[in-house]
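In: Kindly generate the corresponding structure for this input.
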Amino acid sequence: MKIINSTKYSRGTVSFTRRSCQTVLAAHLLSIVRVIAPILPHMAEDVWQNLPFEYVMEDGLVPKFVFELKWPSLKGDWLAMEADDVDFWNTILELRSEVNKVLENARIGKLIGSSLEAKVILHAADGATLTKLREMCSATNDADALHRIFITSQVETVNSLSDEFLSTVPYTGKYTSQRTSEVWVGVTHADGAKCERCWNYSPQVGSFVDHPTLCARCYGVVDVQPLPAAAGVC
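Out: Next up is the predicted model:
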């Protein structure tokens, strides 16, 4: 699959996360439109004629009509993933279920209203697991960051659980699995203030004079992107 001229239809082209999402959405769209074409030919053709990018087939041709395309084929390299990584992501998904239980308890207890008001704290007895969790807490790729996966504002890890520390965490839980050591889960209210653009809480909200209600991530998006010309016309 090759897509050209797609950048002129997107904003924030320097964002790896955004471009990754656009690539996945484009791949899904190209597959779906080919699958529905025999059943809903008019709809499929309407979709094809209004694609916001130009699609080039492997032979270099640019199809003018949806029925010039072949049936979507399975791409084996997209499914290639190490067994250890598969196991770890299964652990993350199971851990998310436990985190959701603790978040729900915090919601019932009126500590938070939504999950974005929460900070999740994790501790694993196994050093390797703790290291992986810590790396995901600080992942530069937003899609792999734990707070995005848990849909919370913040996630952090701690090396130990002292009685003094535990007394400051109002809601806790434990995740157990045969694949890894026990993971302790704690939930407190998120640090900082609420960003009016993404609704995440951040200590950086209020740090920017020209956009005092934005977090650092949203400030970077808003600050580097000029408004479209039409937006200035009233």
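In: I'd like the next helix or strand past the helix or strand hosting L29.
Out: Element membership for L29, per DSSP states H and E: helix 16-36. Sequence order places helix 41-49 as the next helix or strand after helix 16-36, per DSSP H and E.
In: Could you list the buried residues of that next one?
Out: The neighbour-count check on helix 41-49 (16 or more other Cβ atoms under 10 Å) flags A44, V47, W48 as buried. Every residue, glycine included, has its C-beta placed from N, CA and C.
In: which strands and helices sit next to the following helix or strand past it?
Out: Of the helices and strands lying after helix 41-49 in sequence (DSSP H and E), the nearest is strand 54-56. If contacts are counted by 3 or more Cβ pairs under 8 Å, 6 or more residues apart in numbering; DSSP states H and E, strand 54-56 sits against strand 2-4.
In: Quick check: closest non-adjacent residue to the residue nearest to the spatial centre of the chain.
Out: Nearest to the mean C-alpha position of the chain, by Cα atoms, centre = their mean, lies A143 at 3.7 Å. Nearest residue to A143, sequence neighbours excluded (Cβ to Cβ, 6 or more residues apart in numbering): T17, at 5.7 Å.
In: how many neighbours does that neighbour have?
Out: 15 (other Cβ atoms under 10 Å).
In: Equivalent analysis for D77, please.
Out: Quick note: D77 (other Cβ under 10 Å) scores 5 neighbours.
In: go on, E182?
Out: The burial count for E182: 13, using other Cβ under 10 Å.
In: repeat for L122
Out: Neighbours of L122 using other Cβ under 10 Å come to 23.
In: How about the secondary structure of it?
Out: Using DSSP: H, G, I helix; E, B strand; the rest coil, the three-state assignment for L122 comes out as strand.
In: Check whether it really touches V185, as I assumed.
Out: Yes - look at L122 against V185 with Cβ atoms under 8 Å: they come within range, at 6.2 Å.
In: report the longest helix in this structure, please.
Out: helix 83-108 (DSSP state H).
In: tell me the mean pLDDT for it?
Out: Across helix 83-108, the average pLDDT comes to 93.
In: Now do that helix: which elements does it pack against?
Out: strand 118-124, helix 127-137, helix 146-150, strand 171-175, strand 183-189.
In: which of these sits most buried?
Out: strand 118-124 (a mean of 23; mean count of other Cβ atoms under 10 Å).
In: contacting residues around that strand?
Out: 99, 102-103, 106, 111-112, 130, 133, 146-147, 150, 152-161, 169, 180-191, 201 (Cβ atoms under 8 Å, 6 or more residues apart in numbering).
In: Pull the contacting residues for the residue nearest to A143.
Out: Neighbours of T17 in contact, by Cβ under 8 Å, 6+ apart: N141, D142, A143.
In: now, among those, which is nearest to L25?
Out: For the contacts of T17, the closest approach to L25 (Cβ to Cβ) belongs to A143, at 12.9 Å.
In: what's around E82, how many residues?
Out: E82: 8 neighbours (other Cβ under 10 Å).
In: same check, this time on T152
Out: Neighbour number of T152 under other Cβ under 10 Å is 23.
In: Going forward, the N-terminal residue is numbered 49.
Out: Understood, numbering begins at 49; the last thing we discussed is T200.
In: In contact with it, which residues?
Out: Counting by Cβ under 8 Å, 6+ apart, T200 has contacts V147, L151, S163, L164, A166, K167, V168, A238.
In: T177 too?
Out: T139, T228, S229, V231.
In: tell me the average confidence for the helix or strand harbouring E204?
Out: Assigned by DSSP H and E, E204 belongs to strand 202-205. Looking at strand 202-205 alone, the average pLDDT works out to 96.
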